[in-house]
Every structure is written in structure tokens, then in C-alpha cells.
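Undergrad: Any chance you can model this:
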Amino acid sequence: MYGFEAVSSSEDGGVKGDIEQGTLYPGLGYGENQLRWGFIRKVYGILAAQILLTTVVSAITVLYAPVNELLRSNSGLLIFLIFLPFILLWPLHVYQQKHPLNLVFLGLFTTSLSFTVGMTCANTDGRIVLEALILTSAVVSALTGYTFWAAKKGKDFSFMGPILFTGLFVLILTGFIQAFFPLGSTSSAIYSAMGAIIFCGYIVYDTDNLIKRFTYDQYIWASVTLYLDVLNLFLTILRMLRQGNN
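TA: Okay, here's the model as predicted:
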């Protein structure tokens, strides 16, 4: 009997260890942990579809001459595509829980952003675009892996929200100033470096929110925030590499 109890205790400990090994963060129950993992997989699935759509649209913009020429020759259309994502953020937020409208607005939002990304890549050397893509992939993978590991160890990154928001506000304000009073090469390099640091911080912060704070019906908004983090980091790295090349 004692041998049976010892084996049962060992088996219970092994099962408990296996469950805790996959627990997202301390104190999360087994059932809630399974639901959370399902939610995370859903968000990353949508994010992967957004990145794939961006890659396809950008490639068409760069390689298909009629589209490229249309955007180059029609400045009004290009300006419209630049501001369209900001307009679509409102219905995307309002209808994020209403299927299929949420997916329709998400597709329009991603496509409109993809055209501007494509035009940026079209005006950049292909080698630099590839370098930026590789660096962005490496940084995002490393920061995502670190955030999941840190959450499992009980670390919390919610304190970063106000800091990152302030930094982003300063970054946007500096961008507007730069439009009227162009910065020098050193100032532009500092500006790009600050942008890269801020968006790296946002990847950690929003991934931590994905693990702990986003509700299960906010899968669209969670994917949008992570998509914007990745996209802005890519564009910032691309700008830094282009300035370094010049």
C-alpha cells in the first residue's frame, strides 16, 4: 500500500510539474491556462495572416510596374492611403467583436498600410530591405520569447505603459517638427534609435498584455497592436539602415 501511495504521489507530482511547466504565469489555473493559450494561438494566427498579406501587397507594389507607377504619379491617392489606416482604426475598434465586420475592417486596415510599406520598400535598395526584415524578425522573436519567459517567472511589464506612451508622443511630435524643420544626420540617427527602442518596448508591453490582460473577445485588437508594433519596428530599422547606407 505504501508503495502504491509513493507511486501515486510521484505520478501526481509529475503531472503537476507538466502542467506548471506550460503555465503562462504564476497563479493561473489549469483551465484558464488552456483557454489563454488558445487565445494566444488565435491572435498569433491572425497576426501571421496580416504579415503575409503585407508581404504580398508590398511585393506587388514593388514588382508590378502599373501599381508602382499609379502610386508614384498620383500623390492624392498615396496621401489617401497614408491617412486611411488612421480613419479605419475607429470602426475597427468599434466593431472588433462583431464578425465578420471585424475581419473586413482588419483586412482593409492591413491592406492600406501594406501599400505605404510597399512604396517605402520600392524607394529603398533591396539589400537594405532584406537586412531590415531579418533584423526585425530576430528582434521580435527574441523579445517575444523573453516576455513569455519573464511572465512565467512572475515579472510584470504593466509599468511600461505610461513611459512608452510619453516616448511615442514625443516621437510623433518630433516627426511633425521634422516635416517643417528637417533634422541633421546626427539628430535623425538619434530619432531613429529612439523609435526603435520605443517600439521594442511596445512589443514587450503588448505581448505581456496578450498573456495577462487582453480579454478573450479582444483578439482583433490584440493582433492590431502587435502588428503595428512589428510594422513600426521594421520601418524604423529600415530608416536607420538607409541613413547608414547614405
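Undergrad: Can you give me the buried ones in the lengthiest helix in the chain?
TA: As assigned by DSSP state H, the longest helix anywhere in the chain is helix 30-63. Residues of helix 30-63 classed as buried by neighbour count (16 or more other C-beta atoms under 10 Å): 33, 36, 39-40, 43, 46-47, 49-51, 53-54, 57-58, 61-62. (Each C-beta comes from the backbone N, C-alpha and C, glycine too.)
Undergrad: ditto for stretch 135-145
TA: By neighbour count, and taking 16+ other C-beta under 10 Å as the criterion, the buried residues in stretch 135-145 are 135-136, 139-140, 143-144.
Undergrad: now do stretch 181-194
TA: Within stretch 181-194, the residues that qualify as buried are 191-192, 194, counting by 16+ other C-beta under 10 Å.
Undergrad: so where's this protein uncertain?
TA: The chain contains residues with pLDDT under 70 at 1-22, 183, 245-246.
Undergrad: Taking helix 30-63 as reference, get the angle to the helix or strand residue 72 falls within.
TA: Mapping residue 72 onto the secondary structure by DSSP states H and E places it in helix 65-73. Comparing the axes of helix 65-73 and helix 30-63 via axes from the mean of the first three to the mean of the last three C-alpha atoms, to 10 degrees yields an angle of 90 degrees.
Undergrad: Okay, helices next: where are they in the chain?
TA: Listed in chain order, the helices of the chain (DSSP H) span residues 2-21, 30-63, 65-73, 75-94, 101-122, 126-152, 160-180, 185-212, 219-245.
Undergrad: name the helices or strands packed onto the fourth one?
TA: With contacts taken as 3 or more C-beta pairs under 8 Å, 6 or more residues apart in numbering; DSSP states H and E, helix 75-94 sits against helix 65-73, helix 101-122, helix 219-245.
Undergrad: and those helices as CSV, adding distance to residue 129 and mean neighbour count?
TA: Listed next are these as CSV, based on distance: least, C-beta to C-beta, whole Å; neighbours: other C-beta atoms under 10 Å:
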stretch, distance to residue 129, mean neighbour count
helix 65-73, 15, 12
helix 101-122, 5, 20
helix 219-245, 7, 20
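Undergrad: Rebuild these as a markdown table, extending it with distance to residue 211.
TA: Formatted as a markdown table, the helices and strands packed on helix 75-94 follow (distance: least, C-beta to C-beta, whole Å):
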| stretch | distance to residue 211 |
| --- | --- |
| helix 65-73 | 39 |
| helix 101-122 | 22 |
| helix 219-245 | 10 |
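Undergrad: Ok, which of those helices comes nearest residue 29?
TA: Residue 29 sits nearest to helix 219-245 of all the helices and strands packed on helix 75-94, at 20.8 Å, using C-beta to C-beta.
Undergrad: from the chain's centre, how far out does the closest one sit?
TA: 7 Å (C-alpha atoms, centre = their mean, to the nearest Å).
Undergrad: which other helices and strands contact it?
TA: For helix 219-245, the contact count by 3+ C-beta pairs under 8 Å, 6+ apart identifies helix 30-63, helix 75-94, helix 101-122, helix 126-152, helix 185-212 as packing neighbours.
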